[in-house]
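A.B. asks: Fold the following, please.
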Amino acid sequence: MARALVNLAVGTVVFFLLFLLSQSNPSTSPPRLLPPPHHGTRPAMVLPLFPSSKNSSRTFLHSHRHLLRSDSHSSHPNARMRLYDDLLLNGYYTTRLWIGTPPQQFALIVDTGSTVTYVPCATCEQCGRHQDPKFQPDLSSTYQPVKCNLDCNCDSDRVQCIYERQYAEMSSSSGVLGEDILSFGNQSELVPQRAVFGCENEETGDLYSQHADGIMGLGRGDLSVVDQFVEKGVISDSFSLCYGGMDIGGGAMVLGGISVPSDMVFSYADPVRSPYYNIDLKEIHVAGKQLSLNPSVFDGKYGTVLDSGTTYAYLPEPAFLAFKEAILKELNGLKQIRGPDPNYNDICFSTASSDVSELSKTFPTVEMVFGYQQKLLLSPENYLFRHSKVHGAYCLGIFQNEKDPTTLLGGIIVRNTLVTYDREQSKIGFWKTNCSELWERLHITGAISPSPSSSGKGNSTESPTTTAPDGSPHYDFPGMFRPWFSEDLTWFLFYLNPFQGLELRKIQISKIILDMSLSVNHSYLKPQINKLTEFIAKELDVNASQVHLLNFTSEGNSSLVRLAIVPSDSLTYISNETATNIISRLAEHRVKLPDTFGNYQLVQWKVESSTKQTWWGRNYTVVIMALIIIVVIGLSVYGVWGMWRRKQQTVNSYEPVGAAAPEQELQPL
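C.D. replies: Numbering: from 1, shown residues only. Just a heads-up that it's a prediction; the model follows:
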């Protein structure tokens, strides 16, 4: 008995020593402020759209529906990159692309209607002020100009290849062609690849004034990044797009092949019908009733074109008039109001509710019917946009394409729809899903599958992949973020409370210090420094009193600003979620400052902790050790005393003379 107690005591000591060791020596790969990368599930490059947190519980998924993994026999890697911005607020989605060695970052509009990828060049004097600094070929050790040859248009000196692109909204881009390393972020299995891209020397129209840096061309053509990577054999000849809903940004984009869901609806996509991505649209139904139209109406000029770079949808005149009449007939009881822009005759309706999930109770469903009677169901968010001036009002996002007989379907038509451009099989597939949560399921599980409890609030960030000393990948923002093992970086730690079970206790952050470089002169910025802090506070969703200027110095033609973000008056610390959001917004260039402040870079950052522990929190280790020692000593004393007593009983055990012998059981002779 005593030996068993001693063994128990020893086991208890070993357990608690191991526990204390685990607390005092955390893992060599601690939890990171920025989530670690996950490997992909298919031979594809995945570029997720940046999600918004609004109305994220809404979903179109059933629990049994999921996007299958790609064939395990495929050898193609994948790459994952986030997309940012919003389809209706900005008119586009952008992704991050890194070019050169060392990599220079750019925000590019993903566009299926463009066939070339281009960014502003350092030599460009007719380029607007965009989100990131211009590309500097001289700073890239791997950059090479594409020399004049028979397969390209050449400059006037017949030295270098050039490109020129003009768009329907009367904007244009032109420049020279160069070749360099393209990197896709640290969630990419596709290693950086050499590719040809455009270095802009002139841009006009919307391209000049837009916030995004340039275009990522996904169309058909030798200069398209899709065609270049397919030609190199690094991805399959397919890609997919998934745009978020009316109030929810986010989603995912996949470059490469996927094993599609069994209930995906397909349309034939004639690769020679036009230079664009066509679908075989035959009919449109409103509230289950077919519009009286000849199918040939959808085949005029370029046919029915699917274009991710277009915001709304545009129908030929006969189709639009029939569609508008059918919608007005179904909404006869709703009050029709003026549109938000007096320059356009928008068709808008006032409703009693502003809840997007309630729209289907008021507005009719619309179906697009392709060849072989394949039907794509459009919910109201696929043909409506929210009125910007009247609460609870919505407007038609489908317009007449002037006198052009082309049917042009922009991003609004495919919100919350996974669209697969299967170029190898000459077909385009459609699958209703919650695109804002698609990236979260892909990011967490490695496969696109439904998750009713997903929040859709993903804030993970990306950069060119690097490796920590222990061999593990980490997030290293070039020229911006300190490495994950920096002494200045305070990480979120996990503790195990032996009396309260598993408990997560996050570090209480008292201050976030930010070093920012702005591409404006020090003397010019000095009188506007207070306005700068006010704009930054507004963009970061904090009070102006929380943003403190610590230092302001000149750095050549640029300015270096050090700011501190402190808790609001009602709080004693900054939450970990708020800190992550602030840092990721700045690092990902989602903070939009007026042009007067130029471009900015987050040079470095750090957080300071003000963890206030209770007496138990400071001394619980000592208390536990004392209890262990007391228990061990007590059990040891009890064990020694027990053995001594037993020994004494054995030595002094005798029977007195004449004592009655115990009665024995009779045994047979």
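A.B. asks: Now for Gly221: which residues touch it?
C.D. replies: Applying C-beta atoms under 8 Å, 6 or more residues apart in numbering to Gly221 gives the contacts Thr115, Val116, Asp227, Pro275. Where C-beta positions appear, they are placed from N, C-alpha and C, glycine not excepted.
A.B. asks: Which secondary structure state is assigned to the first one?
C.D. replies: Recorded secondary structure, Thr115: coil (DSSP: H, G, I helix; E, B strand; the rest coil).
A.B. asks: Quick check: closest non-adjacent residue to it.
C.D. replies: Sequence neighbours aside, Gly221 is the residue nearest to Thr115 in space, at 3.2 Å (criterion: C-beta to C-beta, 6 or more residues apart in numbering).
A.B. asks: thinking Thr406 is in contact with Tyr302, fair?
C.D. replies: Yes - using C-beta atoms under 8 Å, Thr406 is in contact with Tyr302, at 4.5 Å.
A.B. asks: more crowded one of these two?
C.D. replies: Neighbour count, other C-beta atoms under 10 Å: between Thr406 and Tyr302, Thr406 has more, with 19 against 16.
A.B. asks: any idea how far the more buried one lies from Ile279?
C.D. replies: For Thr406, the distance to Ile279 (C-beta to C-beta, to the nearest Å) stands at 12 Å.
A.B. asks: Ok, Val297 next?
C.D. replies: 14 Å.
A.B. asks: These two: which has the busier surroundings?
C.D. replies: Counted by other C-beta under 10 Å, Val297 and Ile279 do not tie: Ile279 has more neighbours, with 27 against 19.
A.B. asks: and that one, what are its bridge partners?
C.D. replies: Counting by DSSP bridges, Ile279 is bridged to Thr304.
A.B. asks: before we move on, back to that, quick check on the residue nearest to Thr115: phi, psi?
C.D. replies: For Gly221, the backbone dihedrals are phi 160, psi 160 (criterion: degrees, to the nearest 10).
A.B. asks: again, but for Glu179
C.D. replies: Dihedral angles (degrees, to the nearest 10) for Glu179: phi -130, psi 130.
A.B. asks: So for it, what's the pLDDT?
C.D. replies: On the pLDDT scale, Glu179 is placed at 97.
A.B. asks: And Val254, by the same measure?
C.D. replies: At Val254, the pLDDT value in this model is 81.
A.B. asks: Could you check how far it is from Cys242?
C.D. replies: 8 Å.
A.B. asks: Repeat that for Pro527.
C.D. replies: Taken as C-beta to C-beta, the span from Pro527 to Cys242 is 46 Å.
A.B. asks: Which of the two has more residues huddled nearby?
C.D. replies: Taking neighbours as other C-beta under 10 Å, Pro527 and Cys242 compare with Cys242 leading, 29 against 8.
A.B. asks: and that one, how far is that from Lys427?
C.D. replies: 17 Å.
A.B. asks: Helix, strand or coil: sort out Asn551 for me.
C.D. replies: Going by three-state DSSP, the state assigned to Asn551 is strand.
A.B. asks: these two touch, right, it and Ile529?
C.D. replies: No - the criterion here is C-beta under 8 Å, and Asn551 misses it with Ile529 at 11.0 Å.
A.B. asks: shared neighbours of the two, anything?
C.D. replies: With C-beta under 8 Å, 6+ apart, Asn551 and Ile529 have common neighbours Val561.
A.B. asks: and stretch 545-558, which residues are buried?
C.D. replies: For stretch 545-558, burial by neighbour count (16 or more other C-beta atoms under 10 Å) applies to Gln546, Val547, Ser558.
A.B. asks: CA-only coordinates of it in CSV, if you can.
C.D. replies: The C-alpha trace of stretch 545-558 is given here as CSV (Å, rounded to 0.1, in the frame of the first residue of the first chain):
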residue,chain,number,x,y,z
SER,A,545,-7.5,60.7,-29.9
GLN,A,546,-6.1,57.2,-30.1
VAL,A,547,-3.5,58.2,-32.8
HIS,A,548,-0.4,59.9,-31.4
LEU,A,549,2.4,61.3,-33.5
LEU,A,550,5.8,60.2,-31.9
ASN,A,551,8.3,61.3,-34.5
PHE,A,552,8.3,63.0,-37.9
THR,A,553,11.6,63.2,-39.9
SER,A,554,12.8,63.7,-43.5
GLU,A,555,14.1,60.8,-45.6
GLY,A,556,15.3,62.3,-48.8
ASN,A,557,12.3,63.2,-50.9
SER,A,558,10.1,61.1,-48.6
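A.B. asks: What is the biggest helix by length in the chain packed up against?
C.D. replies: Once the chain is assigned using DSSP state H, the helix that runs over the most residues is helix 615-651. Secondary-structure packing of helix 615-651 (3 or more C-beta pairs under 8 Å, 6 or more residues apart in numbering; DSSP states H and E): helix 2-24.
A.B. asks: what's the burial count for the closest residue to Ala393 other than its chain neighbours?
C.D. replies: The shortest distance from Ala393 to any non-neighbouring residue, by C-beta to C-beta, 6+ apart, is to His387 (3.6 Å). Number of residues near His387 (other C-beta under 10 Å) recorded here: 21.
A.B. asks: contacting residues for His387?
C.D. replies: So His387 contacts Ile337, Gly339, Pro340, Cys348, Ala393, Tyr394, Cys395 (C-beta under 8 Å, 6+ apart).
A.B. asks: let's see it at 10 Å
C.D. replies: Contact analysis of His387 by C-beta atoms under 10 Å, 6 or more residues apart in numbering lists 337-340, 346, 348-351, 354, 393-395.
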